[in-house]
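Peer 1: What follows is a predicted protein model with its sequence.
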Amino acid sequence: MDKVSNYRSIIKQILSQHAEYMVSYGDIETIPTFDERSDSYLLLDIGWGKTGRVYSVPLHLRIKQDKIWVERDNTDVGIAEELLDAGVPKEDIVLGFYRPERRKITEFAVA
């Protein structure tokens, strides 16, 4: 399996596991969304909570230039840690939610 195919598989597995977690309030469905054509992978929360409509994207990952870009991470553990545990090296993980000039202070890839 080539690198990108492996990364797709890892991302799908992690997002699918997150989708199994039950939200503790309201009637909210968690949906993993995989777009291999654009290599964009999302976790969506959709439904009704205590205060009204819920529509959020707690996780958004992309594969770009053979690296995994973390565009959004609203998890407790941190998706980058889960990627590391799955065997993705730090130099192939970009914390895209950081400004480009601030990425160099992290232990992950700059771009």
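Peer 2: Thanks, I have the structure now.
Peer 1: buried ones in the top strand by length along the chain?
Peer 2: With DSSP state E applied, the strand covering the greatest number of residues in the chain is identified as strand 52-64. Using 16 or more other C-beta atoms under 10 Å as the burial criterion, the residues of strand 52-64 that qualify are Val54, Leu59, His60, Leu61, Arg62, Ile63. All C-beta spots, glycine's among them, are computed from the backbone N, C-alpha and C.
Peer 1: Ok, stretch 65-80 next?
Peer 2: Of the residues in stretch 65-80, those buried under the neighbour-count criterion (16+ other C-beta under 10 Å) are Lys67, Ile68, Trp69, Val70, Glu71, Arg72, Asp73, Thr75, Ile79, Ala80.
Peer 1: That one: end-to-end distance?
Peer 2: For stretch 65-80, the first-to-last residue distance is 17 Å (C-alpha to C-alpha, to the nearest Å).
Peer 1: Residues in contact with it: which ones?
Peer 2: Residues outside stretch 65-80 that contact it (C-beta atoms under 8 Å, 6 or more residues apart in numbering) are 3-4, 7, 11, 14, 18, 56-63, 83, 88, 92-97, 108-109, 111.
Peer 1: For it, give the mean pLDDT please.
Peer 2: Taken as a whole, stretch 65-80 carries a mean pLDDT of 94.
Peer 1: cool, and stretch 4-23?
Peer 2: Model confidence over stretch 4-23, given as mean pLDDT, is 92.
Peer 1: which residue ranges form the helices in this structure?
Peer 2: Listed from the start of the chain, the chain has helices (DSSP state H) covering 3-19, 79-85.
Peer 1: distance between the longest one and the chain's centre?
Peer 2: When you say that, I think you mean helix 3-19. The gap between the average C-alpha position of helix 3-19 and the chain average comes to 9 Å, counting by C-alpha atoms, centre = their mean, to the nearest Å.
Peer 1: Show me what that helix is packed up against.
Peer 2: Counting contacts by 3 or more C-beta pairs under 8 Å, 6 or more residues apart in numbering; DSSP states H and E, helix 3-19 is packed against strand 27-35, strand 40-49, strand 52-64, helix 79-85.
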